[in-house]
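Asker: the following block contains a protein sequence and its predicted model.
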Amino acid sequence: MNGRLAPLKDIVAIVGVGETDYAKDYRGSGGQAVEKGVARYDSYTLASRALKRALDDAGLTKSDIDGLCTANLSGERASELWGLNPRWSGSGDAAQCIIEATMAINAGLCTTVALVYGNAQRSMDTAYGGARVTGGAITSYFYYAPWGMTSQGALYALFFQRHKLLYGTTEEQLGAIAVAFRKHAGLNPNAVMQKPLTITEYLNAPYIAEPLRLYDYCLINDGGVALIVRRADMARDLRQRPIMVSGFGWSEENVDATQLRPRLKSFYHGAHHEVAAQVYPMAGVTPNDVDVFATYDSFSVHLLASLEGFGFCKEGEGGAFVQGGRIELGGELPCNTSGGMLSESYMQSWNHQPELVRQLRGGLGSRQVAGAEVAQYVHDVAGKCKSLIYTKGA
Amino acid sequence: MATARPVRAMDPYAEQFWAFTQARELRLQQCADCRKFRWPPGPTCDRCLSDNFDWRRIRGTGKVLSWTTFHRGYFPEYPPPHTVVVLELDEGPLFVSVPVEISPRELREGMTLALRWTDGQDRLGEYNLPVFGPMNG
Ligand SMILES: [Zn+2]
């Protein structure tokens, strides 16, 4: 397996990133948060803006694009809107799109792929719990409605409650994650939630699905993200230093998923171990080499799962690991340095990629991880796990 | 009138599962070839891909794995606080349900709970909802 992935190391680079103005767009003209359901944007407006910014960042134009991945958008409508006739197209989460774009470029189907996501979820008042949830491909999101069970948050509450019961993890320990990400967001002018959060404020906030509190939940905001992925030998001499896609892995723990077995019996570590066995050897690094880390964080709990599953600490020790500033900027393993989906922007895996790219480019000021050479992203949505390792390359 | 509850997800297999509850029978499919119990109901055994199965009445006891209490209302039929529990049934499958005759504070990891029934209805019809309470209840 690892031998087969190795030839794909460093064959593509991220050459451009673009994001919308999360913080500015979240506030109305009066400086207050715009109410949910008050439509100001649609997803295509946000995606188009992000695409333009990513091309400008790369110093490329749309005539350079020959492949297109779209997320939360119709590929046809998006292509039409942007005047593109791609030679290859795909869709999915950010990690999936980057992995598949790498394979398409490697196969010679295209050379330069725009990956574009737009989500007007606040304007559209998208529901993630209750009677309006249809679940998409994830049956457990709606199947237990007759018993009053709903929402991804409650499923992660069950996960954390199990972690508490097995390992004695405390709610105060979990709180360190939301506090750390908020601290990072305070250094990010584009983060929606910049107001400092103390552990006392965290613990005084109401439970939503106990034992998870308000600040364990991601925010709901409008935004768009675009990435330009290009064949590495064509990535030099552009406007930005190319950031290499050096490793990836993919594994889905779906057996007995609806009855919540992998969620509650293994914390999805089966998938984590499979992905770790691909991504680290492919990139030629170990967890010890990772300078900056980001995890999918619709809930704070995700970080405990990925730290334990990828071997940054032992199983059951995630609660202790996240204490004492270890996951903060300046700590041993800075995590979700933009503020993540809890505090920067809920872009469903997409906002983590520009942040890791910027960290490796350098020059982020007070938010910069000094000397960052290796960055890792872990994606885990209900056991659908992927990971990416980015490096500065040669 | 039976108690209104959020609408059930329905397919031919779920339809059969809920039909049994009208007689207060909790039946899960068991593979007729390799004997694996499955839940939620569906066409195929995930272990051996057989589509031969029997609807087996199960013992109706299981051990507590986890639980959560909603402090925010998601369904008008379940005003907060509302607690949901996940059990590991004796036959193997995990089962999401509602704890009854016990307060959330009294729930313990590994505690055995036993089947009870409560009424329910949605736009698809009336049924009985399997819930779980203390053994000595
Ligand atoms: Zn079977």
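Answerer: Good, I have the coordinates.

Asker: residues near B:Gln117, how many?
Answerer: Quick fix: residue B:117 is Trp, not Gln. B:Trp117: 16 surrounding residues under other C-beta atoms under 10 Å in any protein chain shown. Just so you know, the C-beta spots here come from the backbone N, C-alpha and C atoms, and that holds for glycine as well.

Asker: show me which residues of the stretch 1-150 of chain A sit near chain B.
Answerer: For the stretch 1-150 of chain A, the residues in contact with chain B (C-beta under 8 Å from any C-beta of the partner chain) are A:129-131, A:139, A:142-150.

Asker: list buried residues within the residues you listed.
Answerer: Buried by 16 or more other C-beta atoms under 10 Å in any protein chain shown: A:129-130, A:139, A:142-150, out of the residues of the stretch 1-150 of chain A next to chain B.

Asker: quick one: which of those residues is nearest to A:Ala375?
Answerer: For A:Ala375, the nearest member of these is A:Gly129. The distance, counting by C-beta to C-beta, is 32.2 Å.

Asker: pLDDT score for the closest one?
Answerer: According to the predicted model, the pLDDT of A:Gly129 comes to 82.

Asker: isn't B:Leu87 up against B:Gly60?
Answerer: No. Contact status for B:Leu87 versus B:Gly60: not in contact, 10.2 Å apart, counting by C-beta atoms under 8 Å.

Asker: which one's more surrounded, those two?
Answerer: The neighbour count for B:Leu87 versus B:Gly60, taken as other C-beta under 10 Å, is higher for B:Leu87 (24 against 17).

Asker: quick one: which of the residues of the stretch 1-150 of chain A next to chain B sit in strands?
Answerer: Secondary structure of these is defined by DSSP state E; no position falls in strands.

Asker: count of residues packed around A:Asp42?
Answerer: Other residues close to A:Asp42 by other C-beta under 10 Å number 15.

Asker: leaving out sequence neighbours, find the closest residue to it.
Answerer: Residue nearest to A:Asp42 in three dimensions, not counting chain neighbours: A:Ala120, with 5.1 Å by C-beta to C-beta, 6 or more residues apart in numbering or on different chains.

Asker: now do the contacts for that neighbour.
Answerer: A:Ala120 makes contact with A:39-43, A:45-46, A:222 under the criterion C-beta atoms under 8 Å, 6 or more residues apart in numbering or on different chains.

Asker: per-residue confidence for it?
Answerer: pLDDT, A:Ala120: 90.

Asker: show me what counts as buried in stretch A:104-119.
Answerer: Of the residues in stretch A:104-119, A:104-105, A:109-119 count as buried by neighbour count, 16+ other C-beta under 10 Å.

Asker: try stretch B:22-36
Answerer: Applying a neighbour-count criterion of 16+ other C-beta under 10 Å, the buried positions in stretch B:22-36 are B:25-31, B:36.

Asker: span of that stretch from start to end?
Answerer: Between the start and the finish of stretch B:22-36 there is a gap of 25 Å, counting by C-alpha to C-alpha, to the nearest Å.

Asker: any idea how far that stretch is from the chain center?
Answerer: On the basis of C-alpha atoms, centre = their mean, to the nearest Å, stretch B:22-36 is displaced by 13 Å from the centre of the chain it belongs to.

Asker: that stretch close to the ion?
Answerer: Yes. With C-beta under 5 Å from the ion as the threshold, stretch B:22-36 lies in contact with the ion, specifically through B:31, B:33-34, B:36.

Asker: so what's the residue lying closest to A:Thr391 once chain neighbours are set aside up against?
Answerer: With C-beta to C-beta, 6+ apart as the measure, A:Ser246 is the residue that lies nearest to A:Thr391, at 4.4 Å, once sequence neighbours are left out. Under the criterion of C-beta under 8 Å, 6+ apart, the neighbours of A:Ser246 are A:9-10, A:282-285, A:374, A:389-391, A:393.

Asker: which stretches of the stretch 101-250 of chain A form helices?
Answerer: A:152-167, A:171-185, A:199-204 (DSSP state H, counting those that start in this stretch).

Asker: quick one, which of these is nearest to chain B?
Answerer: helix A:152-167 (3.9 Å; C-beta to the nearest C-beta).

Asker: count of neighbours near B:Arg5?
Answerer: B:Arg5 sits with 20 neighbouring residues when counted by other C-beta under 10 Å.

Asker: look up how far the ion lies from it.
Answerer: Counting by C-beta to the ion, to the nearest Å, the separation of B:Arg5 from the ion is 32 Å.

Asker: quick check: pLDDT value at that residue.
Answerer: The predicted local confidence for B:Arg5 comes out at a pLDDT of 98.

Asker: hang on, it packs against B:Glu77?
Answerer: Yes. Checked against C-beta under 8 Å, the pair B:Arg5 and B:Glu77 is within contact range at 5.2 Å.

Asker: common neighbours of the two, please.
Answerer: Common neighbours of B:Arg5 and B:Glu77 are listed as A:Gly148 (criterion: C-beta under 8 Å, 6+ apart).

Asker: quick one: which of the residues of the stretch 1-150 of chain A next to chain B is nearest to B:Trp67?
Answerer: Once C-beta to C-beta is applied, the member of those that ends up nearest B:Trp67 is A:Met149, at 10.5 Å.

Asker: report pLDDT for the residue nearest to the closest one when sequence neighbours are not counted.
Answerer: Closest residue to A:Met149 apart from its sequence neighbours, by C-beta to C-beta, 6+ apart: B:Val84 at 4.6 Å. Turning to B:Val84, the model gives it a pLDDT of 98.

Asker: what of A:Gly135?
Answerer: Turning to A:Gly135, the model gives it a pLDDT of 60.
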